[in-house]
Structure formats: C-alpha cells, structure tokens
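Q: Return a 3D structure for these sequence lines:
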Amino acid sequence: MDGTNIPFIGTGWSFPPEFGKGTGVATSTGAKDIEESLYVLLSTKEGERLFVPDFGCDMTALLFEPLDLDLEKRIEDIMRKAILLYETRISVEDIVFDYDRERGVIRIDIQYIIRTTNTRTNIVYPFYLTEGTNL
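A: Numbers count the residues shown, from 1 in each chain. All right, here's what the predicted structure looks like:
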C-alpha cells in the first residue's frame, strides 16, 4: 500500500490547479495530496496569504548566502517549522542537501513519514541560488 489513494489522508486541489470544462477543479488524494501541499508550502513566501500571514517558507533572504553548513541549518530550521505548523499529516525524518554549484541549485531531499499509514517517502525540492537567466 503506497498511500496514493487513501481518502482519510485527505483530498485537496491539485497543484498546479487545473480546471476542466464542466468538471470543476482537479483534485489529488492521499500521498499525492501531501506531496503537492509540501510544494505549495515550501514555495510560498510568508505574507503571501492574506488570512494566514505566517504560512510558507520565506527563504528569499538566504539567496545570496554562501553555501555552507550554517545555510543548511537555517534552511532546515525554516522548513521544519513550516512543516510542523502546516503539514501535520507527516513527520519529517531527515533533510539532506545536495549542491549543484555550477547551476546555483540546492536540491533539498525531505524524507518523511505519513503519520496515518506509517509510509516512508520523500520529495526533492529545488532551491535556486541564482537567477534563472543566462545559465
């Protein structure tokens, strides 16, 4: 059982949102809903949601910081806090960083357990340290 179609984990809008003619908003369920919710949480800056101003992970201040252990710990703290507050369906086991210095990308591997099914899984979230032009 992989947790992809288990309704008691939850159902939400798919990400990115899709609208079908006459079908309404596309949804995702189970582990897929958790994964998409994590991408939304990690990609949202604090203050972007009017009625939930502390929702998100505001890492823009870290964009031009040197790639070192201090930066890893700061990013990890921001992510763990946001996940603890806003994605309570999971428990984070580990956060692992992989650098691509030439492209200015940190791949952040978030390893977690889905609490209701005890399913271990992960997502890899890219954090870009340089602007995406002229790469």
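Q: Please count neighbours and contacts with C-alpha atoms only from this point.
A: OK.
Q: Pop out the phi and psi values for Ile90.
A: Backbone torsions for Ile90, taken as degrees, to the nearest 10, come to phi -130, psi 160.
Q: and the closest residue to it other than its chain neighbours, what does it touch?
A: Using C-alpha to C-alpha, 6 or more residues apart in numbering and skipping residues adjacent in sequence, the residue nearest Ile90 is Ile114, 4.5 Å away. Applying C-alpha atoms under 8 Å, 6 or more residues apart in numbering to Ile114 gives the contacts 31, 89-91, 120-121.
Q: hang on, Arg120 packs against Tyr112?
A: Yes - between Arg120 and Tyr112 a contact is recorded at 5.8 Å, counting by C-alpha atoms under 8 Å.
Q: Name the residue in the two with the higher neighbour count.
A: Tyr112 (19 against 16; other C-alpha atoms under 10 Å).
Q: which sections of the chain are below the confidence cut-off?
A: Where the chain drops to pLDDT under 70, the residues are 1-23, 26-27, 128-135.
Q: Please, where are all the helices along it?
A: Applying DSSP state H to the chain gives helices spanning 31-43, 69-86.
Q: just those: most buried one?
A: The highest average neighbour count among those, using mean count of other C-alpha atoms under 10 Å, belongs to helix 31-43 at a mean of 20.
Q: That helix: how far from the chain's middle?
A: 5 Å (C-alpha atoms, centre = their mean, to the nearest Å).
Q: same question, stretch 110-120
A: Put simply, stretch 110-120 sits 14 Å off its chain's centre (C-alpha atoms, centre = their mean).
Q: ditto for stretch 48-58
A: The chain centroid and the centroid of stretch 48-58 are separated by 14 Å under C-alpha atoms, centre = their mean.
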